[in-house]
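**Student:** Okay, sequence plus prediction incoming.
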Amino acid sequence: MTENTDTAAAGRLVEIVAIGAGNRARKYLHYILHHPHQTRLAGVVDPDELRRHKFAEAASLPPERCFSDCDAFFNSGVKADAVMICTPDGLHFSQCMQALRHGCHVLLEKPVACSLQECETIEAESARRGLIVSVGHVLRYHPYFAKIKEIASSGRLGKIVSVSHRAQVGTDRATHSYVRGIWNRDDTGNPMILSKCCHDVDFLVWITEAPCRSLASYGSLRGFRPEMAPQGAADRCVACAVERNCPFSAVRLYRDRREWIANFDVPPGGDIADVIEEQLHHGPYGRCVYHCDNNVVDHQVLAMEMDNGITSTLSMDSFTMHDNRETHICLTHGEIIGDERTIEERNFLDRSITVHDFSKTFSEPFHAGADLRLVEDFVTSIITQDHLPLTSIDTAIASHRICFQAEKSRCSQTDY
């Protein structure tokens, strides 16, 4: 156990430094600020001065605990038991390794890294140093998904035969994050099956309780390509003659509906309306979806056979109106059907259908509290020697291994 862990175990506060001060880190910060008897934010690292300032202001951090890069923090002498890394995918590996080498436990936002080798290196380094790396697979902490796991594992519907799972990305999320946004290229980040669906693959591994034995995957970038643009489409929605008839209009999404603007940073004294206009006219989020630099897929399917004989399928679809997940589990004595709002537990013996209603839970903040339970589990694992987080790196890496192999499969498929 490291010196910092001994300090935490002795009853002192767990000191955490945030590396990355964006939307995800702000959610995790909520737990730290509301548990002052247990945790304290010791510092923040972000190259963006505005984000850094807002984060520091929320946590009452003095300037000497605010840093523009990791080197400045790790060389500052500021002590920390742990860091939470909420930065772009391409930075995860170097920042996590740097944190481990400085004796810090790590709460690492998913995905872990941009290659399987990097993931395995992090796993090995954390084990060698006796440090915790917990990965942000929040589905395991969500009451809806935990209920599916409880039903499936209870045995009252028999043994699992197959699982069909669908991730409906939704056109708004897809265009914001994977066409115009920072996850739109696999050469600077990760393939979409990993950046979007490692949550889902982790859920399938968790449900089936077995590693993957074999898999095949298919998918492509079909819709959001230049040749699919309607006649007269401009490079930007604000200057486009056909914008009013386009379902993917940035004007409609950001200016009219005011959705997906949580990561638009408003300067002190500024107004969100001005920030939206700046994005529409000059920023990446005002670009036509058919004229972006994206190269990740907009649909993909994954079929797996697990070591215990269970078959699992995952379908990821961008062209959907809803942004949710649907799951159908077939068992020897019943089935489980869920859409993130309700779970139907169907029993073959008495033909009964038990409905578990999560419709109110669905709209609760922080992913129905899952974000906060993730941080709680991480902090508890630091304080309690014999406690391991539900999403530790040695568990999370199974989904990443599948996702990287799925992308290899997708890229190697030939025509029938």
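**Tutor:** Right, received. Where do you want to start?

**Student:** Contact partners for the residue nearest to D307 when sequence neighbours are not counted?
**Tutor:** Distances taken as C-beta to C-beta, 6 or more residues apart in numbering place A210 nearest to D307, at 4.4 Å, with adjacent residues excluded. Bear in mind the C-beta positions are built from the backbone N, C-alpha and C, glycine included. Contact partners of A210, counting by C-beta atoms under 8 Å, 6 or more residues apart in numbering, are 306-308, 310.

**Student:** does A210 sit in a helix, a strand or a coil?
**Tutor:** coil (DSSP: H, G, I helix; E, B strand; the rest coil).

**Student:** let's have the chain start at 8 instead
**Tutor:** That works, and once the first residue is 8, the last one we named lands at A217.

**Student:** residue ranges with poor pLDDT in the chain?
**Tutor:** For the chain, residues meeting the criterion pLDDT under 70 lie at 8-18, 421-423.

**Student:** Quick check: can you list the domain ranges of it?
**Tutor:** 10-138, 147-231+303-371+404-419, 233-293 (automatic domain parsing).

**Student:** now those as TSV including distance to I389?
**Tutor:** Compiled in TSV, these are given as follows (distance: least, C-beta to C-beta, whole Å):
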stretch	distance to I389
domain 10-138	5
domain 147-231+303-371+404-419	17
domain 233-293	29
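
**Student:** Go through the ones you listed and name the closest to H394.
**Tutor:** H394 lies closest to domain 10-138 among the domains of the chain, at 11.0 Å (C-beta to C-beta).

**Student:** where along the stretch 158-307 of the chain do the helices fall?
**Tutor:** 178-180, 199-202, 205-215, 257, 279-289 (DSSP state H, counting those that start in this stretch).

**Student:** Can I get these in TSV including mean neighbour count?
**Tutor:** Shown next, in TSV, are the helices of the stretch 158-307 of the chain (neighbours: other C-beta atoms under 10 Å):
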stretch	mean neighbour count
helix 178-180	19
helix 199-202	26
helix 205-215	23
helix 257	27
helix 279-289	15
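
**Student:** mind checking which of those is nearest I343?
**Tutor:** helix 205-215 (9.4 Å).

**Student:** what packs against the closest one?
**Tutor:** In this structure, helix 205-215 makes packing contacts with helix 150-161, strand 167-175, strand 306-313, strand 318-324, helix 400-419, judged by 3 or more C-beta pairs under 8 Å, 6 or more residues apart in numbering; DSSP states H and E.

**Student:** closest one to V119 among those?
**Tutor:** When the helices and strands packed on helix 205-215 are compared (using C-beta to C-beta), the closest one is helix 400-419, at 5.7 Å.

**Student:** What lies in contact with that closest one?
**Tutor:** 115, 117-120, 122-123, 126-127, 129-130, 133-134, 140-142, 144, 193, 198, 200-201, 204-205, 208-209, 211-212, 218-219, 222-226, 304, 307, 309, 311.

**Student:** Just the buried ones from those?
**Tutor:** 115, 117-120, 123, 126-127, 129-130, 133, 140-142, 144, 193, 198, 200-201, 204-205, 208-209, 211-212, 219, 222, 224, 226, 304, 307, 309, 311 (16 or more other C-beta atoms under 10 Å).

**Student:** Spatially nearest residue to the spatially most central residue of the chain (excluding sequence neighbours)?
**Tutor:** Taking C-alpha atoms, centre = their mean, the centroid of the chain lies closest to K117, which sits 5.0 Å from it. Leaving aside its sequence neighbours, K117 sits nearest to G143 (C-beta to C-beta, 6+ apart; 4.6 Å).

**Student:** Repeat that for I336.
**Tutor:** I343 (4.2 Å).

**Student:** correct me, but that neighbour touches S161?
**Tutor:** No. Using C-beta atoms under 8 Å, I343 is not in contact with S161; the gap is 10.6 Å.

**Student:** Which one's more surrounded, these two?
**Tutor:** Taking neighbours as other C-beta atoms under 10 Å, I343 and S161 compare with I343 leading, 22 against 9.
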